[in-house]
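S.K.: Here is the input, now give the coordinates:
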Amino acid sequence: MRWPLGRPTTVRARIVALALAPAVALTALWSFAMVSVTAELRALIRLQGVYDDFGTPVDTAVGQIQIERRLSAAYLGGRPDPAAAAGLLAQQRRTDRAVDAMRDAIRDGDRGRLSDRQRQTLDAMVTATGRLESLRGQVLSRKISWDGAVAGYSALVEPGFDVESTLTALQAGQLARESQVVIELVPVREFVSREDALVAGARAAGRLTDAQYGTLTATVEDRRVFERTYVPDLPADSRALFEAFQRGALHRPQQRVLAAHQRAV
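M.R.: Predicted coordinates:
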């Protein structure tokens, strides 16, 4: 090793010189780690701001459409019922407020912070909700089957998956990996909601055709595939919460309906 200012002559100087090299190396390593972490945190902060402005209104609208889907399936599955119709109309008004707020956020927000892909997914979500009134007309006039209504509403919420994926994309690092796993599990919530709507329609109708049973079982299997694929990659605390959710009350009605249809067959 060549010393920049000449060879150290005293023992103390030599000790200081020997300690200096690893200290400099550790400082450089710490600086690199801090730059990497702070860059990831800055990206996360930017992501949170964009998601608060655009993703949250989309998520809220999707949630209200999912509730409306369930009520529509129950309304169509049973006999004409003024109370059921009133409940559905009340939910439609709540859905409209959420959808209007989403459209305002997408139209008036700072779109300059978004990539082209992000803008495209948001615009696709707005376009999808434009079909809401036509679908409602079919539901209220009972010109569509309850399982057809479930399929129609499901098509409206599917663009929301692309919105969540593009708005929460991180390029690299542990946060990016964990974020990607969580985003891949977002469809599970939709599958559970879709199963719930199918079960509500079947209960109201008092029967389940083979085609409807096939739709329900396919939805259940889609959910299970996502769960088997991504749940093991969650952090331990998040995985425990998800497994507790899996054992919860939302899953029981679906299993009872599937079992009842199998016994009838």
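S.K.: residue contacts, the residue lying closest to Arg223 once chain neighbours are set aside?
M.R.: Spatially, and ignoring its direct neighbours in sequence, Arg223 is nearest to Phe191 (3.6 Å; CB to CB, 6 or more residues apart in numbering). Glycine gets a C-beta too; all of them are placed from N, C-alpha and C. By CB atoms under 8 Å, 6 or more residues apart in numbering, the contact list for Phe191 reads 219-220, 222-223, 226.
S.K.: In CSV, list those residues along with secondary structure, distance to Arg107 and pLDDT.
M.R.: Shown next, in CSV, are the contacts of Phe191 (DSSP: H, G, I helix; E, B strand; the rest coil; distance: CB to CB, whole Å; pLDDT from 0 to 100):
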residue, secondary structure, distance to Arg107, pLDDT
Thr219, helix, 33, 86
Val220, helix, 38, 83
Asp222, helix, 33, 82
Arg223, helix, 34, 82
Phe226, helix, 32, 76
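S.K.: Return the residues in contact with Ser115.
M.R.: Counted by CB under 8 Å, 6+ apart, Ser115 has contacts Thr166.
S.K.: ok so, going back, make sure the residue nearest to Arg223 is indeed in a helix.
M.R.: Yes. Phe191 sits within a helix when classified using DSSP: H, G, I helix; E, B strand; the rest coil.
S.K.: Now that we have the contacts of Phe191, can you turn them into JSON lines and tack on distance to Arg111?
M.R.: Shown next, in JSON lines, are the contacts of Phe191 (distance: CB to CB, whole Å):
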{"residue": "Thr219", "distance to Arg111": "34"}
{"residue": "Val220", "distance to Arg111": "38"}
{"residue": "Asp222", "distance to Arg111": "33"}
{"residue": "Arg223", "distance to Arg111": "34"}
{"residue": "Phe226", "distance to Arg111": "31"}
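S.K.: buried stuff in stretch 92-112?
M.R.: Within stretch 92-112, the residues scored as buried using 16 or more other CB atoms under 10 Å are 92, 95-96, 98-99, 101-103, 105-106.
S.K.: Quick check: which ranges of this protein have low pLDDT?
M.R.: 1-47, 169-184, 245-246, 248-265 (pLDDT under 70).
S.K.: where do the helices sit along this structure?
M.R.: 11-50, 56-77, 82-108, 116-129, 132-140, 146-157, 159-167, 174-184, 186-205, 210-230, 236-246, 251-264 (DSSP state H).
S.K.: who's in contact with the fifth one?
M.R.: The one in question is helix 132-140. Against helix 132-140 from outside (CB under 8 Å, 6+ apart): 65, 72, 75-76, 85, 88, 92, 95, 99, 143-144, 149, 152-153, 156.
S.K.: buried set for stretch 198-209?
M.R.: 198-205, 208.
S.K.: Pro57: which of these is nearest?
M.R.: Taking CB to CB as the measure, Pro57 sits nearest to Ala200 out of the buried residues of stretch 198-209, at 26.2 Å.
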